[in-house]
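*Asks:* Predicted model and sequence below, questions to follow.
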Amino acid sequence: MSEIKRDIKYLNKDFDKNLQSIINYSKTYFPKTYNDFSISSPGRLFMEMAAYIGDVQSFYLDNQIQETFLQFARETPNLYQLAYMFGYKPRVTYASTVPVTIYQTVPASGSSGEYPDYKYAVQISPNSKISSDNEKQNVNFLIGDNVDFSFSSSQDPTEISVYSLTGGNIPDKYLLTKTRNASSIDITTTSFNFTNPVEFNTVEIEDENIIGILDIIDSDGNTWYEVDYLGQESIYDSISNTNENDPNNSVESNDAPYLLKLKKIQRRFATRVINEKLLQIQFGAGTTSSTTEEIIPNSNNVGLGLPFEIDKLTTAYSPTNFMFDNTYGIAPSNTTLTVRYMTGGGVNSNIIAKSLNQIAAEDISFKSINLNSVLANSTISSIEVTNLSSATGGADGDSVEELRQNSISNISTQMRNVTLDDYIVRTLSLPSKFGTIAKVFIQPSNIQDLYPGEISTLSLYLLSYDVNKNLQSPSDALKSNLRTYLNQHKILGDSLSIKNAFIVNISVEFEIIVLPRFNNNDVILKCINSLKDYFNIDNQQINSPIRVNEIYVMLDRIEGVQTVKNIKIENKKGQVDGYSNYSYDLSAATQNKVIYPSIDPMIFEVRFPENDIKGRVVPL
């Protein structure tokens with residue numbers, strides 16, 4: 001007798017549908033074997049148990065499938081893993097930040113005490129701890145950058161003021177002031193011992209509110225570098241811009257105190273957040289003898305480790321792993337790694353203003369030696385720190401929905417320069433120690449007219465600041481740093497040309513009629529201050545025009561101004577007088593009371609607003 005072909009339903013998922021399907025199945029294929037389907041029957045018990053098991057299995061199957069999609073996953077560990085697939089690093093805490101002002105006094109120097117004695121200017125080392133003596137605001141903050149009171153630039157100014165005078169009104173002490181950003185971070189140290197090398201060895205740090213790894217040093221003094229992924233072999237490194245390090249770039253300008261270089265590294269690691277309290281550190285798979293990172297590609301070694309391919313014509317190669325080796329950096333062996341990691345942040349780190357007032361004394365030192373001990377001790381005791389504003393930005397880690405949204409947005413905001421705006425933002429994100437970039441402008445320039453058949457190139461125009469925050473042409477060191485930085489983020493087809501923008505210095509003179517019962521000097525001063533704000537270099541961009549009508553309207557709205565009679569803008573030039581050497585025909589460039597910039601990218605600058613903005617009151 002042939003086997004009966006069963007009609008089985010596969011679409012049922014909940015308990016009621018499963019139970020009804022089992023009952024229908026029994027009635028159809030076993031009508032004489034069992035026919036008691038009442039709730040109290042023993043057979044109904046087994047049918048409901050089968051329906052219950054089917055319902056539970058369907059639920060867990062649906063849940064497991066749901067957890068594989070970023071849009072629907074709810075379990076935090078699964079969301080962490082999916083976030084890494086999208087290239088986003090989850091955060092379990094966010095540190096608050098706040099500007100802190102640091103003060104110190106130094107003795108006066110010179111025959112009449114006309115300048116500070118910088119021998120007594122202190123240095124405060126990086127990662128110095130500042131805190132509060134208020135128990136309710138007991139959160140530690142770190143100053144990430146070093147503080148050198150003897151150094152001053154447009155990006156790192158040292159403010160100087162007279163602190164005290166002698167009986168003859170001669171300066172006795174000067175007050176030096178600097179500002180730094182501080183973050184709510186604590187540094188914790190731990191160590192891990194390694195014996196034989198293990199491929200992709202991992203260690204774990206368990207702690208509350210882990211922000212990230214500060215540094216890793218092995219017992220031989222070697223530094224291990226954090227990378228986004230173990231296949232990344234190059235990192236950014238900085239060296240001081242001195243004649244010894246680069247004779248071609250040093251002593252040319254103060255806009256690039258450090259040189260940016262690319263450095264290939266063998267000792268590297270990657271980190272991954274496993275859950276809210278666990279951070280995993282993973283190392284490479286090779287040894288110092290097996291690593292191939294320093295091998296130069298040639299026709300004999302490219303594709304050497306291709307066990308799965310015969311024809312190289314159809315093989316995809318990576319410039320970071322052209323030999324298809326599996327080292328991905330070296331694995332630690334026969335050493336002890338000392339790990340310093342950062343914790344902190346959270347909502348409680350958003351402290352109020354003027355609550356930070358203590359700085360660790362062990363982080364303070366002098367650059368000079370053989371100092372007067374009394375003056376040195378007096379200088380150390382004069383150091384004070386405070387936060388004039390409240391700390392902001394502290395928050396708990398990514399919520400479930402924030403993990404989803406941040407991961408999805410990370411796809412469209414990867415570190416590649418695709419649009420012109422990408423280049424502008426990436427240029428301005430260059431750390432100031434590698435160059436004080438003031439203004440940037442980019443435009444495509446087609447060079448096919450000069451060289452037929454050539455590709456288009458992008459022209460990037462730059463300007464930097466001098467120590468007085470006046471615009472100047474960037475140094476070769478700055479442009480070299482920027483090129484090194486951008487080359488790691490530009491797409492292959494882009495050809496980048498970095499050039500200097502032109503600076504056109506101008507002066508502004510105006511005439512106004514003042515309303516009766518208003519003081520002429522007060523009204524003129526308000527007008528000059530408004531023009532200073534209008535022409536503030538922070539508000540000016542390369543290739544921005546000057547709209548004279550806007551200036552008329554702005555001055556006309558000032559209290560006490562009856563009428564603006566005339567506004568005259570003139571070109572100022574000549575390095576002898578402190579201006580740029582470029583002249584510009586402003587009258588020819590003016591149309592409908594708009595002064596347009598030249599075809600070549602340029603910027604208008606009022607270099608000396610105290611002298612170059614003038615006004616006078618004229619009769620009606």
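*Replies:* Arrived safely.

*Asks:* Please, where are all the helices along the chain?
*Replies:* With DSSP state H as the criterion, the chain has helices at 15-29, 42-66, 76-85, 373-382, 400-412, 420-428, 476-487, 520-534, 548-556, 609-612.

*Asks:* Give me the mean pLDDT for the third one.
*Replies:* Per-residue pLDDT values across helix 76-85 average out to 86.

*Asks:* Would you point out which residue is most central in the chain?
*Replies:* Residue closest to the mean C-alpha point of the chain, counted by Cα atoms, centre = their mean, is residue 429 at 6.5 Å.

*Asks:* Report the separation between that one and residue 482.
*Replies:* To residue 482, residue 429 is 11 Å away according to Cβ to Cβ, to the nearest Å. C-beta here means a position set from N, CA and C on the backbone, and glycine is covered the same way.

*Asks:* and what of residue 45?
*Replies:* In terms of Cβ to Cβ, residue 45 sits 77 Å off from residue 482.

*Asks:* show me the contacts for the nearest residue to residue 79 once chain neighbours are set aside.
*Replies:* Nearest in space to residue 79, with sequence neighbours left out and distances taken as Cβ to Cβ, 6 or more residues apart in numbering, is residue 403 at 4.6 Å. Residues near residue 403 by Cβ atoms under 8 Å, 6 or more residues apart in numbering: 76, 79, 80, 83, 88, 90.

*Asks:* Which among these count as buried?
*Replies:* 76, 79, 80, 83, 88, 90 (16 or more other Cβ atoms under 10 Å).

*Asks:* What separation do you get for the last one and residue 279?
*Replies:* Going back to what we said before, that points to residue 90. Computed as Cβ to Cβ, the residue 90 to residue 279 distance reads 11 Å.

*Asks:* shared neighbours of the two, anything?
*Replies:* residue 273.

*Asks:* shaky segments in this protein?
*Replies:* Across the chain, the ranges flagged by pLDDT under 70 are 1-4, 135-137, 242-255, 287-314, 316-327, 411-415, 446-456.

*Asks:* Domain-wise, how is it divided?
*Replies:* Domains of the chain are assigned by automatic domain parsing as 15-66, 74-88+398-412, 93-184+345-395, 186-240+258-344, 415-500, 503-617.

*Asks:* Format those as a markdown table; extra columns: distance to residue 5.
*Replies:* Listed next are these as a markdown table, based on distance: least, Cβ to Cβ, whole Å:
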| stretch | distance to residue 5 |
| --- | --- |
| domain 15-66 | 10 |
| domain 74-88+398-412 | 41 |
| domain 93-184+345-395 | 61 |
| domain 186-240+258-344 | 46 |
| domain 415-500 | 58 |
| domain 503-617 | 78 |
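
*Asks:* returning to that earlier point: check the contacts of residue 403 and tell me the two furthest apart.
*Replies:* Farthest-apart pair in these is 76 and 88; separation 14.1 Å (Cβ to Cβ).

*Asks:* does the nearest residue in space to residue 541 that is not next to it in sequence have beta-bridge partners, and which?
*Replies:* Distance criterion Cβ to Cβ, 6+ apart; nearest residue to residue 541, sequence neighbours excluded, is residue 439 at 6.5 Å. Judged by DSSP bridges, the bridge partners of residue 439 are residue 463.

*Asks:* From residue 533, how far out is residue 439?
*Replies:* 18 Å.

*Asks:* Who has more neighbours out of those two?
*Replies:* Neighbour tally, residue 439 and residue 533, criterion other Cβ atoms under 10 Å: the higher count belongs to residue 439, 24 against 12.

*Asks:* and that one, how far is that from residue 502?
*Replies:* 11 Å.

*Asks:* can you check residue 169 too?
*Replies:* 47 Å.

*Asks:* Who has more neighbours out of these two?
*Replies:* residue 502 (19 against 9).

*Asks:* in the sheet, who's paired with that one?
*Replies:* Bridge pairing for residue 502 - DSSP bridges - gives residue 602.

*Asks:* Looking at residue 45 and residue 482, which has the bigger crowd around it?
*Replies:* Remark: of residue 45 and residue 482, residue 482 carries more neighbours, 24 against 11, as counted by other Cβ under 10 Å.

*Asks:* these two touch, right, that one and residue 428?
*Replies:* No: assessed by Cβ atoms under 8 Å, residue 482 is found out of contact with residue 428, at 10.4 Å.

*Asks:* Tell me which residues touch the closest residue to residue 175 other than its chain neighbours, please.
*Replies:* Spatial nearest neighbour of residue 175, chain neighbours left out: residue 163 (4.1 Å); criterion: Cβ to Cβ, 6+ apart. Contact analysis of residue 163 by Cβ under 8 Å, 6+ apart lists 105, 171, 172, 173, 174, 175.

*Asks:* ok, 7 Å please
*Replies:* Taking Cβ atoms under 7 Å, 6 or more residues apart in numbering, we find residue 163 in contact with 105, 173, 174, 175.

*Asks:* do the same with residue 517
*Replies:* Neighbours of residue 517 in contact, by Cβ under 7 Å, 6+ apart: none.

*Asks:* any idea how far it is from residue 563?
*Replies:* If you go by Cβ to Cβ, the gap between residue 517 and residue 563 works out to 16 Å.

*Asks:* for residue 511, same thing?
*Replies:* Distance, residue 511 to residue 563, using Cβ to Cβ: 9 Å.

*Asks:* Residue 12 now?
*Replies:* Taking Cβ to Cβ as the measure, residue 12 falls 86 Å from residue 563.

*Asks:* Have a look at those two and say which one is more surrounded.
*Replies:* Applying other Cβ under 10 Å to residue 12 and residue 563 shows that residue 12 carries more neighbours, namely 17 against 14.

*Asks:* Need the distance between the two termini of stretch 432-442.
*Replies:* 20 Å (Cα to Cα, to the nearest Å).

*Asks:* So which residues make contact with it?
*Replies:* Outside of stretch 432-442, the residues within contact range by Cβ under 7 Å, 6+ apart are 154-155, 238, 255-258, 260, 420, 423-424, 427-428, 430, 458-465, 471, 474, 478, 481-482, 501, 541-543, 601, 603.

*Asks:* which of the residues you listed count as buried?
*Replies:* Neighbour-count burial (16+ other Cβ under 10 Å) applied to those gives 154-155, 255-258, 260, 423, 427, 430, 458-465, 471, 474, 478, 481-482, 501, 542-543, 601, 603.

*Asks:* OK, contacts around residue 105?
*Replies:* By Cβ under 7 Å, 6+ apart, the contact set of residue 105 is 163, 173, 174, 175, 379, 382.
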